[in-house]
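Engineer: from the sequence below, what's the structure:
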Amino acid sequence: MLSTRPRVLLADDYPDIVKALSRLLSLEFEIVGSVTDGSALLETAQRLQPDVIVLDVHLPNVDTLEACRTMTRVNPEMKVIMFTALDPNAGQAFFQAGASAFVSKLSSGDLVSTIKRLCADRG
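Structural biologist: Numbering: from 1, shown residues only. The predicted structure follows:
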């Protein structure tokens with residue numbers, strides 16, 4: 001039987017954050033993969049076709065703004081959540097590039113509710 005849980009790809013350059021997010025999110029979502037380096041991000045997103053990508057704003061070896069723009073252009077149904085320690089109000093450029101939401105690393109509990117909200121209307 002196929003999973004009906006939203007499929008999530010994690011992208012953060014800190015492996016400990018990826019592990020913690022995976023533990024937190026796997027209770028309610030299907031974690032389809034993770035990347036810690038931007039060079040694999042676009043290929044992995046294309047191959048795995050997740051419903052949601054949790055993307056660190058500063059992933060190495062990629063312009064995350066351009067990656068966000070490319071991923072949402074290639075798959076408009078895919079939701080990109082910018083996961084950042086920065087002020088979310090500084091992220092207008094990411095919203096213009098197709099990001100669906102910003103979640104602070106200081107309140108990662110908001111990540112679960114944000115993913116649920118973004119996937120509520122998926123068919």
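Engineer: show me the shaky parts of the protein.
Structural biologist: Low-confidence regions of the chain, defined by pLDDT under 70, span residues 1-3, 87-90, 121-123.
Engineer: 50 - rerun?
Structural biologist: By pLDDT under 50, the weakly predicted segments of the chain are 1.
Engineer: where exactly do the strands run in it?
Structural biologist: 7-11, 30-35, 52-56, 79-84, 101-104 (DSSP state E).
Engineer: centroid residue for the chain?
Structural biologist: Ranked by distance to the mean C-alpha position of the chain (C-alpha atoms, centre = their mean), the top residue is residue 54 at 1.7 Å.
Engineer: quick one: contacts for residue 55?
Structural biologist: 11-12, 41, 64, 67-68, 80-83, 99 (C-beta atoms under 8 Å, 6 or more residues apart in numbering). C-beta coordinates here come from the backbone N, C-alpha and C atoms, glycine included.
Engineer: same thing but 6 Å
Structural biologist: 11, 80, 82 (C-beta atoms under 6 Å, 6 or more residues apart in numbering).
Engineer: quick one on the thing from earlier: the strands of the chain into JSON lines, with extra columns for distance to residue 92?
Structural biologist: JSON lines is the format used below for those (distance: least, C-beta to C-beta, whole Å):
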{"stretch": "strand 7-11", "distance to residue 92": "21"}
{"stretch": "strand 30-35", "distance to residue 92": "25"}
{"stretch": "strand 52-56", "distance to residue 92": "16"}
{"stretch": "strand 79-84", "distance to residue 92": "11"}
{"stretch": "strand 101-104", "distance to residue 92": "10"}
